[in-house]
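*Asks:* Fold the following for me, if possible:
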Amino acid sequence: MEAEAGLDIAPGVAKQGFRAAGVSAGLRVTDTEHGVILHFARGDVTISPGERGTKLTIAAGDAAGLQLIRDTIAERVAGMGLTLDWATSVAGTQPGNMSIANVTSVKRLSPAYMRLILEGDDLARFADGPLHFRLLFGPEGTNWPTLNADGVTVWPGGAEAWHRPVYTTREIETRPDGSGRITFDVFMHEGGRTTAWAQSVAVGEQIAMTGPGGGNGAKRAGTVALFGDETAVPVIARILAELPVDARGQATMLVPSREDIQNLTAPDGIEIKWILRDWESSLLTSLKTAPFPNADRFVFFASERSEVFAARDWLNLQGWDRTEFLCASYWTA
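*Replies:* Numbers count the residues shown, from 1 in each chain. Here you go, the predicted model:
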């Protein structure tokens, strides 16, 4: 998919500016004879001479990727006091990375978890790539986000007024027409906006969601070790279900009560361990006492922010390479 826009500045100035911005953002940058290409994770932006100055061409594999890049570029250009002249107007239409889904099932899975099922006409795209999506909760009485004349997402009430929590696609069923059915679990905690929504939402109601986004799961390695608290159980369950049948290692998960322990699908070579909140043991202790080979290994650790930092520091002190682990903070005490 492509989107094209004009920018009323000299091509040489645009090349220099976008190149510097790309390098500063850590993007891979390719110089061409008359311009430059910025390589994003979801697509590319080519800056080249145009009829009235500079031409920007955004190319991405899907509408979601195109939208993400379009928003990023438009924000950068607006910050420079400039305006993009898009070749095609999309004002008032739905952002390419947003879907509207219907709630088709809500049930209590255990004391600490609710399981919800969403269905929609374009949810099949969430099966490719990253494991996560965001639910969209806006100010009361507002409409869903739309695009402005520049193809940039407009958030009614302002983007800061929207709560956009991240959840893991636990299971997904897709259909040839692009529709899909997503199952996900919500960890219930006092004061959580999604918790309140999950407790009150009725079958048939609609919810908006964006994505997919985030990571793609565990890296392939001879030994895989997964550690997560109650907020990370859904993503570890998804990772376990997608590991190769010959995978070896362990998964250690912390939950509030015995009733929250789940039967998970995993390869025979993965040992699954559960610990409870009221035990003396902790995820950090489990990490530090786990046996690991010196190479061909990978650790995923997800928990509260301070514990995640401690896990990362410990792995670094043990000489682990940055490519051998992923530490994710899902909440802050």
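*Asks:* From here on, just use CA atoms for contacts and neighbour counts.
*Replies:* Fine.
*Asks:* And the helices in the chain, which stretches?
*Replies:* Assigned by DSSP state H, the chain shows helices spanning 11-24, 63-79, 193-200, 233-242, 283-289, 305-317.
*Asks:* so of these, which one's packed in deepest?
*Replies:* Among these, judged by mean count of other Cα atoms under 10 Å, the one packed with the most neighbours on average is helix 233-242 (a mean of 21).
*Asks:* Which elements pack onto that helix?
*Replies:* With contacts taken as 3 or more Cα pairs under 8 Å, 6 or more residues apart in numbering; DSSP states H and E, helix 233-242 sits against strand 166-168.
*Asks:* which residues are contacting the strand it packs on?
*Replies:* 131-135, 184-186, 234-235, 238 (Cα atoms under 8 Å, 6 or more residues apart in numbering).
*Asks:* Take those residues and keep only those in strands.
*Replies:* Members of these lying in strands (criterion: DSSP state E): 132-135, 184-186.
*Asks:* How many residues are close by the closest residue to F126 other than its chain neighbours?
*Replies:* Nearest residue to F126 in three dimensions, chain neighbours excluded: P212, at 5.4 Å (Cα to Cα, 6 or more residues apart in numbering). For P212, the tally of surrounding residues (other Cα atoms under 10 Å) stands at 24.
*Asks:* pLDDT at P212, what is it?
*Replies:* pLDDT for P212: 89.
*Asks:* From V45, how far off is it?
*Replies:* 20 Å (Cα to Cα, to the nearest Å).
*Asks:* before we move on, back to that, JSON lines for the ones in strands among the contacts of strand 166-168, including neighbour count, distance to W320 and pLDDT?
*Replies:* Shown next, in JSON lines, are the ones in strands among the contacts of strand 166-168 (neighbours: other Cα atoms under 10 Å; distance: Cα to Cα, whole Å; pLDDT from 0 to 100):
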{"residue": "H132", "neighbour count": "22", "distance to W320": "26", "pLDDT": "91"}
{"residue": "F133", "neighbour count": "20", "distance to W320": "30", "pLDDT": "94"}
{"residue": "R134", "neighbour count": "19", "distance to W320": "31", "pLDDT": "94"}
{"residue": "L135", "neighbour count": "19", "distance to W320": "35", "pLDDT": "96"}
{"residue": "F184", "neighbour count": "19", "distance to W320": "32", "pLDDT": "96"}
{"residue": "D185", "neighbour count": "25", "distance to W320": "32", "pLDDT": "96"}
{"residue": "V186", "neighbour count": "21", "distance to W320": "32", "pLDDT": "95"}
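*Asks:* measure stretch 55-72 end to end?
*Replies:* For stretch 55-72, the end-to-end distance is 16 Å (Cα to Cα).
*Asks:* what is the rounded mean pLDDT of that stretch?
*Replies:* Mean pLDDT, stretch 55-72: 89.
*Asks:* what sits up against it?
*Replies:* 1-7, 40, 42-49, 95-98, 151-153, 211-212.
*Asks:* thinking again about what came up before, what's the farthest-apart pair in the contacts of strand 166-168?
*Replies:* Maximum pairwise distance among the contacts of strand 166-168 (Cα to Cα): 18.3 Å, between L135 and R238.
*Asks:* Can you point out the buried residues in the biggest strand by length in the chain?
*Replies:* Longest strand of the chain, by residue count under DSSP E: strand 98-110. Residues of strand 98-110 classed as buried by neighbour count (16 or more other Cα atoms under 10 Å): 98-104, 106, 109-110.
*Asks:* Same check on stretch 296-306?
*Replies:* Neighbour-count burial for stretch 296-306, counted by 16+ other Cα under 10 Å, picks out 297-305.
*Asks:* So which of the residues you listed are in strands?
*Replies:* Using DSSP E, the buried residues of stretch 296-306 in strands are 297-304.
*Asks:* give me the beta-bridge partners of the residue nearest to D150 when sequence neighbours are not counted?
*Replies:* Leaving out its chain neighbours, the residue that sits closest to D150 by Cα to Cα, 6+ apart is W86, at 6.3 Å. On the basis of DSSP bridges, W86 is bridged to A5.
*Asks:* so the nearest residue to T169 once chain neighbours are set aside bridges to which residues?
*Replies:* Distance criterion Cα to Cα, 6+ apart; nearest residue to T169, sequence neighbours excluded, is F184 at 5.4 Å. Following DSSP bridges, F184 is listed with bridge partners L116.
*Asks:* Now do the same contact list for F184.
*Replies:* 115-117, 167-171, 234.
*Asks:* So, low pLDDT: which residues of the protein?
*Replies:* For the chain, no stretch has pLDDT under 70.
*Asks:* Distance of Q262 relative to M253?
*Replies:* Q262 is 10 Å from M253, where distance means Cα to Cα.
*Asks:* of the two, who's got more company?
*Replies:* M253 (26 against 13).
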